[in-house]
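K.L.:
sequence and predicted structure below; questions after.
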Amino acid sequence: MTLRLILTRHAKSNWDNPLDTDHQRPLAPRGLRAAPLIGQWLRARGDLPAEALVSDAARTRQTWALLEAEFPTTVPVRFDPALYLAGPEVMLRLLKTEQAPVVLMLGHNPGIAEFAGLLLRQAVMHPGFASFPTCATLVAEFDIACWAELQLRSGTACGFVVPRELERA
């Protein structure tokens, strides 16, 4: 069996309000434009999640709402505070508890970039892969029967995109 992971960093956030905590920061106008483009890209590829695991920060919640609005059906979502600024070890532990064949995980850097690099057998040959800019999205496949079997360096990249590429399309 093949399982698929969609790994997405939140869209560009707004730093304008000095009273906002990091957790409260909303999306910037650029982020509000970028997230729907990623949702459209996923829909066009047929990469639709069966479940989503999303950090509970404001910017990840907003990114998720804009992504999901582009999908043909509602996706069950779990907003998990453990994903807020999580490192790869936490992300791996959380992913191993999932049951769906296609999971979207939405979080923050540097954890998302580190996790993406650790999951794949071979890094994606893309200038943005190592830094995983805002709203960057990786789609990866794993030849496993369930997420509990997931091992690092076992995935194959099926796609990687950053919003700027979609804005030009």
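P.N.:
Received, thanks.
K.L.:
need the distance between the two termini of stretch 24-35.
P.N.:
Start-to-end span of stretch 24-35 (CA to CA, to the nearest Å) is 18 Å.
K.L.:
what's next to that stretch, contact-wise?
P.N.:
10-17, 20, 57-59, 62-63, 66-67, 134-135, 163, 167 (CB atoms under 8 Å, 6 or more residues apart in numbering). Heads up, the C-betas are built off the backbone N, CA and C, glycines and all.
K.L.:
which stretches of this protein have low pLDDT?
P.N.:
Low-confidence segments of the chain (pLDDT under 70): 169.
K.L.:
all strands of it, in order?
P.N.:
3-9, 51-55, 77-80, 102-107, 137-142, 156-161 (DSSP state E).
K.L.:
any chance of those in CSV, plus distance to residue 126 and mean neighbour count?
P.N.:
As requested, the strands of the chain are exported to CSV (distance: least, CB to CB, whole Å; neighbours: other CB atoms under 10 Å):
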stretch, distance to residue 126, mean neighbour count
strand 3-9, 14, 24
strand 51-55, 23, 23
strand 77-80, 27, 16
strand 102-107, 19, 24
strand 137-142, 9, 22
strand 156-161, 5, 17
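K.L.:
need these in a markdown table (columns: distance to residue 90).
P.N.:
Below are these laid out as a markdown table (distance: least, CB to CB, whole Å):
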| stretch | distance to residue 90 |
| --- | --- |
| strand 3-9 | 14 |
| strand 51-55 | 11 |
| strand 77-80 | 9 |
| strand 102-107 | 9 |
| strand 137-142 | 18 |
| strand 156-161 | 22 |
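K.L.:
wait, which of those strands is closest to residue 44?
P.N.:
strand 156-161 (10.7 Å; CB to CB).
K.L.:
what helices or strands is the closest one leaning on?
P.N.:
Strand 156-161 makes packing contacts with helix 29-45, strand 137-142 when contacts are defined by 3 or more CB pairs under 8 Å, 6 or more residues apart in numbering; DSSP states H and E.
K.L.:
beta partners for the residue positioned nearest the centre of the chain?
P.N.:
Nearest to the mean C-alpha position of the chain, by CA atoms, centre = their mean, lies residue 8 at 1.7 Å. Counting by DSSP bridges, residue 8 forms beta bridges with residue 106, residue 137.
K.L.:
if anything else comes up later, I'll come back, but that's it for now.
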